[in-house]
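S.K.: 3D, please:
(chains A and B)
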2 protein chains.
Amino acid sequence: MDPIKYNLSEDRIPTHWYNVQSDLKQPAAPVLHPGTMQPVTPDDLAPLFPMALIMQEVSTDREIEIPEEVRDILRQWRPTPMFRARRLEKALDTPARIYYKYEGVSPAGSHKPNTAVAQAYYNKEEGITQLSTETGAGQWGSALSMACAFFGMQCKVFMVRVSYDQKPYRRGLIESFGATVTPSPSDQTASGRAILAEHPDSTGSLGIAISEAVEVAAQDPKTNYALGSVLNHVLLHQTVIGIESIDQMELAEDYPDIIVGCTGGGSNFAGIAFPFIGKKLRGERDCRVVAIEPAACPSLTKGRFAYDFGDTAHLTPLVKMHTLGSTFVPPGFHAGGLRYHGMAPLVSHLLDTGAIEATSVDQTETFAAGVQFARTEGILPAPEANHAVAGAIREALKCKAEGTSKSILFNLCGHGHFDLQAYMDYNAGKLVAYEYPEEEIAMALSGLPPI
Amino acid sequence: MDPIKYNLSEDRIPTHWYNVQSDLKQPAAPVLHPGTMQPVTPDDLAPLFPMALIMQEVSTDREIEIPEEVRDILRQWRPTPMFRARRLEKALDTPARIYYKYEGVSPAGSHKPNTAVAQAYYNKEEGITQLSTETGAGQWGSALSMACAFFGMQCKVFMVRVSYDQKPYRRGLIESFGATVTPSPSDQTASGRAILAEHPDSTGSLGIAISEAVEVAAQDPKTNYALGSVLNHVLLHQTVIGIESIDQMELAEDYPDIIVGCTGGGSNFAGIAFPFIGKKLRGERDCRVVAIEPAACPSLTKGRFAYDFGDTAHLTPLVKMHTLGSTFVPPGFHAGGLRYHGMAPLVSHLLDTGAIEATSVDQTETFAAGVQFARTEGILPAPEANHAVAGAIREALKCKAEGTSKSILFNLCGHGHFDLQAYMDYNAGKLVAYEYPEEEIAMALSGLPPI
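M.R.: Predicted structure coming up:
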């Protein structure tokens, strides 16, 4: 039998994270304090994050050691498997070799625990007893609440109201891990009350939920804030995915010509791509790296590379990133984890400097890809991951048309067990193909801070 | 770090199933034709099953080879991991060593694909183009529809109506694999119409859904029937679980003093236990084997060991098993996969001959166990699997009370991602502790066939 699975033994779990900042020709733009317009200092961030994470945020070391206590938990599901999608290849009748790294084997069902466990650990070490956070689709809320349960910490999750109402079972999972879940906007914070005063029926957004979670953390010395994407240290923690993938491609005696990852805030994309991009930046080995995002929330392909706030209430520092404007509320498509107005500064920087490409895809194409994947490979992908599946299928069909046999690696960042309503809508022909919301984005971009 | 995960490499996937019939001191009672009361012949079963499976049903060979095509699919997720539950042990403060074999890593989320893939394969080999089946909780329907998708076959699933209505997302998964799902009782079969005529609001049962699926298969030469538990060949296919576990316990340099599995029809229990029971029956190595069932559907602990029908409309042959009576409809507790009136004849026989023990547990205790497991081990178990978790915790606490350090192995047969309503009810204190339905069972037992 031709191999389909590339497993690494437990002792091959990475000992260090890979920091792409070490290999950048020019450093990414600094994060600015919105009051002074000067680069933020560690002390500015200390009310929200433990010092260990703040130091990771600005580190330029190539390798940062993963604490033993973190690896001790990660090894339950890491190294995650990498598969060759032979049945999908056959169905597509493509000469391409398609590989996927599968992060859905984590107990919370996605890549998110990779950073959730690390963040909970560092906060616990500094005496923090509660973490506050936001969640959209619920992947991040599930992961952080699980990590907090492991370390005996409290967890307070602000869940975008539309998801809170539409996905009660995600909420049920988060609550089963012992966390409290509050629909956002809520009346528990000034940010939430301000939104509700203006829009009593607001369905919420990640930007609003971030404001609420940040506000709660800023007001309680024993509560810190945790973010599931965007920030440098979050992307850093996800690089275990790519580090393992490099070893697994070696087992497969292959190397990816093309790497595909979906992008919302950028963390699963960074996780699989950064270690390969490091090789590329250091001139060791080249490959195409493709970020694929929703056509209805196209920060990389249609956003501006500019300083903007990370949240709606403007409680965060200013970061230079591809953004659609912090007041932009994306249409209600089903990949809730990709409904964010901005993009990780490091991913934005790599696009700006030509190290990666970006493209977009409508949700109906992503669900067609997801269903084809489920019927051939058995795994039902999360709607976010369906973007990567669609991107990989596009590249594989290009290979077929060109008659070239390329190697494609994509990150299947989570399963879709909590997203069946979306699949049922798709199966019933009821899924809407959202158009590019040009006017709304133009409006939001016109409100960017004048820097 | 002390090991927590015992992984076998891809090449350690079993090559043969283990057939416990080879080691029985006295053979299990034969299956009878209800018309003649004589043992059924292979020809009697041919309208429903392919000959290869019928031969497995009656084989007394110790080892039966797994076809290469079946192993080629199973190896995507097999060998499945075995874990040491160190964080649970710590939370229980027990000297016991708790191991769990985790079958939830299969794409359909449970142990069911182990037999679904094999059954689809043998049917495909004999020219069958469609399989009909029943499903309760939906684990089996998901598994068989996935297997049929892999082999390019049609799949028709009769889903117990209460589950169809309460668990639309399980249905969504089955439909995403390309199968059709019909709520049972339906007006598509004579069996269904007969039930509806008498009980227009019937919420259905596994026994009724089996009748409908069998009827459909019996009437179409290109359609066969597939059952997800109870039958000898189904239990046989699940023994990959226990065969791998023996190897993994060796890796752990340990051997189980106690094996715990939950029982509905008996297949996941048989899967983990039979290979160990084989060693026990052959006098090689002893261990306690505990079947744990719902207090509200207690076929092993309160049923009669007698000949009974496998379905409600009495379309199946008569099998000797622990039964609550084929007309018994269990109360609506949340472990839908355990809501069956009978028990696998082989499991029944082993209980009758003293090779295994049986006990029961109420659903509130099982969910308490499941939540404790989720908060320590991260994995949210299926309600069925919660029975095994509860059983393992009971044994571990007994060790604590006695001050003995025993080794406990249980089968975590699936995840609970499609069962969050049950967890939400539990978390809200709304879960009902069903009492033993003594009168209903006495009534159903009074209608047993007079053999």
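
S.K.: Please count neighbours and contacts with C-alpha atoms only from this point.
M.R.: Noted.

S.K.: quick one: buried residues of the lowest-mean-pLDDT helix or strand in chain A?
M.R.: Among the helices and strands of chain A, helix A:161-166 carries the lowest confidence by mean pLDDT, DSSP states H and E, at a mean of 89. The neighbour-count check on helix A:161-166 (16 or more other C-alpha atoms under 10 Å in any protein chain shown) flags A:Arg161, A:Val162, A:Ser163, A:Tyr164 as buried.

S.K.: So that helix, near chain B or not?
M.R.: No. On the criterion C-alpha under 8 Å from any C-alpha of the partner chain, helix A:161-166 is out of touch with chain B, staying 12.7 Å away.

S.K.: which residues touch that helix?
M.R.: The contact list for helix A:161-166 (C-alpha atoms under 8 Å, 6 or more residues apart in numbering or on different chains) reads A:Gly136, A:Ala137, A:Gly138, A:Arg171, A:Pro183, A:Ser184, A:Pro185, A:Ser202, A:Thr203, A:Gly204, A:Ser205, A:Gly336.

S.K.: Skipping its backbone neighbours, what lies nearest the second one in space?
M.R.: Read it as A:Ala137. Of all residues not flanking A:Ala137 in the chain, A:Gly336 sits nearest, at 4.5 Å (C-alpha to C-alpha, 6 or more residues apart in numbering or on different chains).

S.K.: Could you dump the contacts of helix A:161-166 into TSV and include neighbour count?
M.R.: Output for the contacts of helix A:161-166, formatted as TSV (neighbours: other C-alpha atoms under 10 Å in any protein chain shown):
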residue	neighbour count
A:Gly136	27
A:Ala137	28
A:Gly138	25
A:Arg171	28
A:Pro183	22
A:Ser184	35
A:Pro185	30
A:Ser202	17
A:Thr203	19
A:Gly204	24
A:Ser205	29
A:Gly336	25
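
S.K.: which one among those residues gets closest to A:Ile292?
M.R.: Ranked by distance to A:Ile292 (C-alpha to C-alpha), those are led by A:Gly336 at 14.9 Å.

S.K.: which ones are touching the closest one?
M.R.: A:Gly136, A:Ala137, A:Ser163, A:Glu384.

S.K.: Show me those residues that map onto helices.
M.R.: A:Ser163, A:Glu384 (DSSP state H).

S.K.: The contacts of helix A:161-166 in helices, which ones?
M.R.: Per DSSP H, the contacts of helix A:161-166 map to helices at A:Arg171.

S.K.: Adding pLDDT and distance to B:Glu10, write the contacts of helix A:161-166 out as CSV.
M.R.: As requested, the contacts of helix A:161-166 are exported to CSV (pLDDT from 0 to 100; distance: C-alpha to C-alpha, whole Å):
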residue, pLDDT, distance to B:Glu10
A:Gly136, 88, 37
A:Ala137, 85, 34
A:Gly138, 94, 33
A:Arg171, 96, 36
A:Pro183, 97, 44
A:Ser184, 96, 46
A:Pro185, 96, 48
A:Ser202, 91, 51
A:Thr203, 88, 47
A:Gly204, 90, 46
A:Ser205, 87, 44
A:Gly336, 85, 35
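
S.K.: Quick check: residues of chain A near chain B?
M.R.: A:1, A:4-5, A:7, A:9-10, A:72, A:75-76, A:83, A:105, A:107-108, A:146, A:149-150, A:169-170, A:172-173, A:175-178, A:371, A:374-376, A:378-380, A:417-418, A:420-421, A:423-424, A:427.

S.K.: from the contacts of A:Gly336, which two are the most distant?
M.R.: Spatially, the most separated pair among the contacts of A:Gly336 is A:Ser163 and A:Glu384, at 14.4 Å (C-alpha to C-alpha).

S.K.: low-scoring stretches of the stretch 1-150 of chain A, by residue?
M.R.: For the stretch 1-150 of chain A, no stretch is flagged by pLDDT under 70.

S.K.: Now do the helices in it.
M.R.: In the stretch 1-150 of chain A, the helices defined using DSSP state H, counting those that start in this stretch lie at A:42-45, A:51-58, A:68-74, A:86-92, A:113-125, A:139-150.

S.K.: what's the most buried one of these?
M.R.: helix A:139-150 (a mean of 28; mean count of other C-alpha atoms under 10 Å in any protein chain shown).

S.K.: Give me the helices and strands touching that helix, please.
M.R.: helix A:113-125, strand A:130-135, strand A:154-160, helix A:168-176, helix B:363-377 (3 or more C-alpha pairs under 8 Å, 6 or more residues apart in numbering or on different chains; DSSP states H and E).

S.K.: can you dump the C-alpha coordinates of it into CSV?
M.R.: Provided in CSV are the C-alpha atoms of helix A:139-150 (Å, rounded to 0.1, in the frame of the first residue of the first chain):
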residue,chain,number,x,y,z
GLN,A,139,-13.0,27.4,18.1
TRP,A,140,-10.9,29.8,20.2
GLY,A,141,-13.4,29.9,23.1
SER,A,142,-13.4,26.1,23.3
ALA,A,143,-9.6,26.0,23.2
LEU,A,144,-9.0,28.6,25.9
SER,A,145,-11.7,27.3,28.2
MET,A,146,-10.1,23.8,27.9
ALA,A,147,-6.6,25.2,28.6
CYS,A,148,-7.9,27.1,31.6
ALA,A,149,-9.6,23.9,33.0
PHE,A,150,-6.2,22.1,32.8
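
S.K.: Spatially nearest residue to the residue in the stretch 251-400 of chain A positioned nearest to chain B (excluding sequence neighbours)?
M.R.: At 4.9 Å from chain B, A:Ile379 is the closest residue in the stretch 251-400 of chain A, using C-alpha to the nearest C-alpha. Of all residues not flanking A:Ile379 in the chain, B:Pro107 sits nearest, at 4.9 Å (C-alpha to C-alpha, 6+ apart).

S.K.: picking up where we left off before, if we take the contacts of helix A:161-166, which one ends up nearest to B:Thr41?
M.R.: A:Arg171 (52.4 Å).

S.K.: List the contacts of whichever residue of the stretch 51-200 of chain A sits closest to chain B.
M.R.: Per C-alpha to the nearest C-alpha, A:Pro107 is where the stretch 51-200 of chain A lies closest to chain B, at 4.9 Å. Neighbour list for A:Pro107: A:Trp77, B:Gly378, B:Ile379, B:Leu380 [criterion: C-alpha under 8 Å, 6+ apart].

S.K.: Check A:Phe373 too.
M.R.: A:Leu88, A:Ile379, A:Leu380, A:Pro381, A:Val389.

S.K.: about what we covered before: pretty sure the residue of the stretch 251-400 of chain A closest to chain B sits against A:His417.
M.R.: No. Look at A:Ile379 against A:His417 with C-alpha atoms under 8 Å: they stay out of range, at 9.6 Å.

S.K.: Could you give the number of residues near the residue of the stretch 251-400 of chain A closest to chain B?
M.R.: 24 (other C-alpha atoms under 10 Å in any protein chain shown).

S.K.: Can you tell me, leaving aside adjacent residues, what's nearest to A:Cys291?
M.R.: To be clear, residue A:291 is Ala; Cys isn't right here. Nearest to A:Ala291 is A:Ala358, by C-alpha to C-alpha, 6+ apart, at 4.6 Å.

S.K.: can I assume that neighbour sits in a helix?
M.R.: No. If the criterion is DSSP: H, G, I helix; E, B strand; the rest coil, then A:Ala358 is strand and not within a helix.

S.K.: show me what contacts A:Lys398?
M.R.: With C-alpha under 8 Å, 6+ apart, A:Lys398 has no contacts at all.

S.K.: Okay, domains of chain A per the record?
M.R.: For chain A, automatic domain parsing gives the domain ranges A:74-109+A:233-445, A:113-227.

S.K.: now those domains as CSV including distance to B:Gly242?
M.R.: Converted to CSV, the domains of chain A look like this (distance: least, C-alpha to C-alpha, whole Å):
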stretch, distance to B:Gly242
domain A:74-109+A:233-445, 21
domain A:113-227, 29
